[in-house]
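quick one, what's the 3D model for this:
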Amino acid sequence: MDEPGKLKFLRNIGIMAHIDAGKTTTTERILFYTGKSHRIGEVDDGEATMDWMEQEQERGITIQSAATTAYWKREPEEQDAKSKADTYQINIIDTPGHVDFTAEVERSLRVLDGSVTILDAVKGVESQTETVWRQAERYHVPCIGYVNKMDRVGADFFQVLADVKHKLGIETTAIQIPIGKESGFEGVVDLITMEELRWEGGEGETIVRSPVADERLGEAKKWRDSLIDTLSAFSDAITEKFLAEETIPVSLIKKEIRKAVLERKLLPMLTGASRRNMGVQPLIDAVVDYLPSPDEVKSAIGHHVKKEDDLSVPCDPQAIPLGLVFKIQNEREAGSLCYVRMYSGTIKNGAVLYNVGKRKRERANRILRMHSNKSEPMDQLSAGDIGVIIGMKFAQTGDTIGSEGWPVLLDTMQFPEPVISVSLEPRTLSEGDKLKEILEILSREDPTFTAKENEETGQLIISGMGELHLDVLVTKILKDYGLHARAGNPQVTYRESIAKTVERTERFSRVIAGKENAAALTLKLEPLKRGSGNHYLCSVNNKGKIPDPIFDAVERGIKGAMASGILLGYQCIDVGVTLTGIEYSELTGTEFAFEACASMGFDEAAKEAEPFLLEPIMAVDLFAPKEFVGDVISLVTQRGGQVLSMDSRGESDQIKTTAPMAKMFGFMTALRSVSQGRATFSMEFSHFEKKAG
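Got it, this is the predicted structure:
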């Protein structure tokens, strides 16, 4: 916050949803109505403020989460109309909806206090909606819902409500209901104030309020009763007034909705059509009314590095500084832009900081408040606020910055493993060195992107979350950095595992520089349940006679061998390794010998344990008009897919399937062909499964 002591007027929110639900379109309206932008930018025209990257404008999708800050004057309640309007600062992060960029959503939700979940009024809860909802659950982020696109053919607000209850497993209630739908959508009924809201003016900037029309009064009362009934399950105050047949004040309803939202017990639903400039201002009011300020959410938990214990970090601008770097963005002129959420204390321009995890000193040369790709300077960054620090050289995503005298680490973020790879070949040797530098910058920016050199072929292999993810990164290398490189065809990143238990004794002896290096050990390898990961256990009980570095060397050797694979060099997963025996001599036993012996022992034992390949299986969510459903299902089964479920959605069907990733390349083209371009799909990694044949 720019003014200390004003935390209650600060909101840190994210806009999250499935791709094409209208996140960026809604954010553009929020910026316009709060006065942050002077005209509405449209995604379809490539002029959206928040989609500033050239690729985002060309593709019409959000690729990078973009941060901005808006200010909203919340008018006081009618009974307090003499008091001045309060100004709220709303930090907004617009996140991508495509599953390939799920890391952008993950790191945004990690630092946000509240979220707006946008749903398509036609399609309801889609696959990525469920994914981002699970992410919000993991970080305990309170949410409000907004059903967008009420003007589309097939829009059904009440079906979406039922869908949310069924698929997201949370109690939900309408606080608005639509007036009409599809082309007849003309406004909403506010169930809290029992008014009709319509939007006028060229940009929908004027809201016209009127009493509920007689023909809609019956339905409005039914849904208001449903709202009161839902709230009475959480609120004794509302139950008492309801049973006494007293009028329930608007302020009490809002207070109880807010309380239930903060406890993640309720998802209140609003509705509108953002593209037609309808419904957005009440959504901003709802953000202020129902989502928490930074000091209302649970305190962050930190780990004191020296004391080795966990502690609570209250949101206090006067305390010792502590913040989390949740995103790195490289800019040619400014260098690394480090997006930081402050949890405690205040950082001023030019301050010396301490990177707790890396144990390095950093400097905050400049502090900026971002508005998409533009910025304005700030004097300081205080607890509860989000800003950008320029000047930090060592910081990476997930790093904690603070004070050397109070070394506290905040929880880091977990990101999924890459599942698809392509090779990159530079045109010349000199460009090869430049390419490696660029790849290092990109992997700092994006934790789900990795680059490594294949030792056998010398090829540079880059890996990511999907075809679109890698396509975006390769385009960035070619266009933004002006480097000439050729990308190979996409390759699936397989895994390897074993089918049976094997015990093997391995011996190693080699004379190096006139000194004998010898080791012997016995390893037991066994297959573990799919998804349980790798486990290493030392069951040798004579540890006191053998130095600890020897056991560390054995563990290093085994873990290195697991990463190198058995059959084709893919990483091993779900393998249990137990060290059951070890022979050590003080004269010849070296760390090198035991590390090499462990690596060789694992390789040989794994070859005897019936190794096999595991391939990534994708969860595929299809949406097809009813007349094309048969062709679409046939297309999926031809590619080895299995249909899990089908749901009818008016004129269309939603089909959930799984299919091997290796057979899903080029699926979009085939799907468009069999459905005349009317079917859509989204795909995300589900699990690894034994490769057939």
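
please enumerate the helices of the stretch 201-350 of the chain.
214-232, 236-243, 250-262, 280-290 (DSSP state H, counting those that start in this stretch).

which one of those helices lies closest to R649?
Relative to R649, the nearest member of the helices of the stretch 201-350 of the chain by CB to CB is helix 214-232, separated by 22.1 Å. Placement of C-beta: from N, CA and C, glycine included.

what comes up buried for the closest one?
With burial defined by 16 or more other CB atoms under 10 Å, the residues of helix 214-232 counted as buried are 220, 223-224, 227-228, 230-232.

just checking, L439 is part of a helix?
Yes: secondary structure assignment places L439 in a helix (DSSP: H, G, I helix; E, B strand; the rest coil).

where does it land on pLDDT?
Looking at L439, its pLDDT reads 82.

distance of it from M370?
As for L439, its distance to M370 is 25 Å (criterion: CB to CB, to the nearest Å).

need the helices of the stretch 201-350 of the chain in a markdown table with mean pLDDT, can you?
As requested, these are exported to a markdown table (pLDDT from 0 to 100):
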| stretch | mean pLDDT |
| --- | --- |
| helix 214-232 | 92 |
| helix 236-243 | 86 |
| helix 250-262 | 92 |
| helix 280-290 | 94 |
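
closest to S421 out of those?
When the helices of the stretch 201-350 of the chain are ranked by proximity to S421 (CB to CB), helix 280-290 comes first, at 40.6 Å.

what's the closest one packed up against?
strand 10-16, helix 23-33, strand 66-74, strand 86-94, strand 114-120, strand 143-148, helix 250-262, strand 266-271 (3 or more CB pairs under 8 Å, 6 or more residues apart in numbering; DSSP states H and E).

quick check: which of the ones you listed is nearest to Y494?
strand 10-16 (31.4 Å).

other SSEs contacting the closest one?
Strand 10-16 is packed against helix 23-33, strand 86-94, helix 102-111, strand 114-120, helix 280-290, with contacts defined by 3+ CB pairs under 8 Å, 6+ apart.

run the chain-centre distance for the next helix or strand after the fourth one.
Where DSSP states H and E defines the elements, the next helix or strand beyond strand 114-120 is helix 127-138. Its chain's C-alpha centre and that of helix 127-138 lie 8 Å apart, by CA atoms, centre = their mean, to the nearest Å.

pLDDT (mean, whole number) over helix 127-138?
Mean pLDDT, taken over the full extent of helix 127-138, equals 80.

just stretch 6-19 next, same as before
In the prediction, stretch 6-19 has an average pLDDT of 85.

again, but for stretch 644-663
84.

got the CA coordinates for that stretch in PDB?
Below are the C-alpha coordinates for stretch 644-663, written out as PDB (Å, rounded to 0.1, in the frame of the first residue of the first chain):
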ATOM      1  CA  LEU A 644     -14.500 -41.900 -19.400                       C
ATOM      2  CA  SER A 645     -17.800 -39.900 -19.400                       C
ATOM      3  CA  MET A 646     -20.200 -37.800 -21.400                       C
ATOM      4  CA  ASP A 647     -22.300 -34.900 -20.300                       C
ATOM      5  CA  SER A 648     -25.000 -33.200 -22.300                       C
ATOM      6  CA  ARG A 649     -24.900 -29.400 -22.500                       C
ATOM      7  CA  GLY A 650     -27.800 -28.200 -24.500                       C
ATOM      8  CA  GLU A 651     -26.800 -28.400 -28.200                       C
ATOM      9  CA  SER A 652     -23.400 -29.900 -27.400                       C
ATOM     10  CA  ASP A 653     -21.800 -32.800 -25.400                       C
ATOM     11  CA  GLN A 654     -18.800 -32.700 -23.200                       C
ATOM     12  CA  ILE A 655     -16.700 -35.800 -23.500                       C
ATOM     13  CA  LYS A 656     -13.900 -36.700 -21.000                       C
ATOM     14  CA  THR A 657     -11.300 -39.100 -22.300                       C
ATOM     15  CA  THR A 658      -7.700 -40.200 -21.800                       C
ATOM     16  CA  ALA A 659      -5.200 -40.800 -24.600                       C
ATOM     17  CA  PRO A 660      -1.400 -41.400 -25.000                       C
ATOM     18  CA  MET A 661       0.400 -38.200 -25.600                       C
ATOM     19  CA  ALA A 662       2.500 -39.700 -28.400                       C
ATOM     20  CA  LYS A 663      -0.700 -40.100 -30.500                       C
END
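
go ahead and measure how far that stretch is from the middle of the chain.
Between the mean C-alpha point of stretch 644-663 and the mean C-alpha point of its chain there is a distance of 23 Å (CA atoms, centre = their mean).

in that stretch, what's buried?
Buried, per 16+ other CB under 10 Å, within stretch 644-663: 649, 652-655, 657-663.

show me what contacts S539?
578-580 (CB atoms under 8 Å, 6 or more residues apart in numbering).

how about the buried residues of helix 214-232 in a markdown table, adding distance to T26?
Formatted as a markdown table, the entries for those read as follows, by distance: CB to CB, whole Å:
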| residue | distance to T26 |
| --- | --- |
| A220 | 25 |
| W223 | 23 |
| R224 | 25 |
| L227 | 23 |
| I228 | 28 |
| T230 | 25 |
| L231 | 26 |
| S232 | 31 |
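
nearest to L161, out of the residues you listed: which one, please.
Proximity of the buried residues of helix 214-232 to L161 (CB to CB) peaks at W223, which lies at 9.8 Å.

you'd agree the closest one is up against P178?
No: taking contact to mean CB atoms under 8 Å, the distance of 10.7 Å between W223 and P178 leaves them out of contact.

shared neighbours, those two?
Where contact means CB under 8 Å, 6+ apart, the residues bridging W223 and P178 through contact with each are V189.

one step back: so which of the contacts of S539 wins on neighbours?
L579 (20 neighbours; other CB atoms under 10 Å).

beta-bridge partners for that one, please?
When bridges are taken as DSSP bridges, the partners of L579 come out as L523, C538.

ok now do it, which residues does it touch?
Applying CB under 8 Å, 6+ apart to L579 gives the contacts 521-523, 536-540, 551, 554, 598.

buried subset of the residues you listed as a ChimeraX selection?
In ChimeraX, this line selects whichever of the contacts of L579 come out buried by 16+ other CB under 10 Å:
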select :521,522,523,536,540,551,554,598
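
tell me which of the contacts of L579 is nearest to G302?
For G302, the closest of the contacts of L579 turns out to be Y536, at 29.1 Å, with distances computed as CB to CB.

look up the closest residue to the closest one, ignoring the ones flanking it.
Excluding its sequence neighbours, the residue lying closest to Y536 (CB to CB, 6 or more residues apart in numbering) is V577, at 5.0 Å.

ok, now R275?
Once its chain neighbours are removed from consideration, R275 has its nearest residue in T25; the separation is 5.6 Å (CB to CB, 6+ apart).

number of nearby residues for the one you found?
By the criterion of other CB under 10 Å, T25 has 23 neighbours.

ok, now the one 3 residues further on?
E28 is surrounded by 27 other residues when neighbours are defined as other CB under 10 Å.

could you point out the longest strand of this structure?
Across the chain, the strand with the greatest residue count (assigned by DSSP state E) is strand 611-625.

any buried residues in that strand, and which?
Neighbour counts over strand 611-625 (16+ other CB under 10 Å) mark 611, 613-624 as buried.

and it, which strands flank it?
Applying DSSP bridges, you get strand 495-498 (antiparallel), strand 652-660 (antiparallel), strand 680-690 (antiparallel) as the partners of strand 611-625.

dump the ones you listed to TSV, plus distance to T172.
What follows is the strands paired with strand 611-625, written out as TSV (distance: least, CB to CB, whole Å):
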stretch	distance to T172
strand 495-498	39
strand 652-660	19
strand 680-690	23
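
could you point out which of the ones you listed sits nearest L311?
With CB to CB as the yardstick, what comes closest out of the strands paired with strand 611-625 is strand 680-690 (35.5 Å).

for the closest residue to K358 other than its chain neighbours, what are its contacts?
Distances taken as CB to CB, 6+ apart place F394 nearest to K358, at 5.1 Å, with adjacent residues excluded. Taking CB under 8 Å, 6+ apart as the criterion, F394 is in contact with 355, 358, 360, 362.
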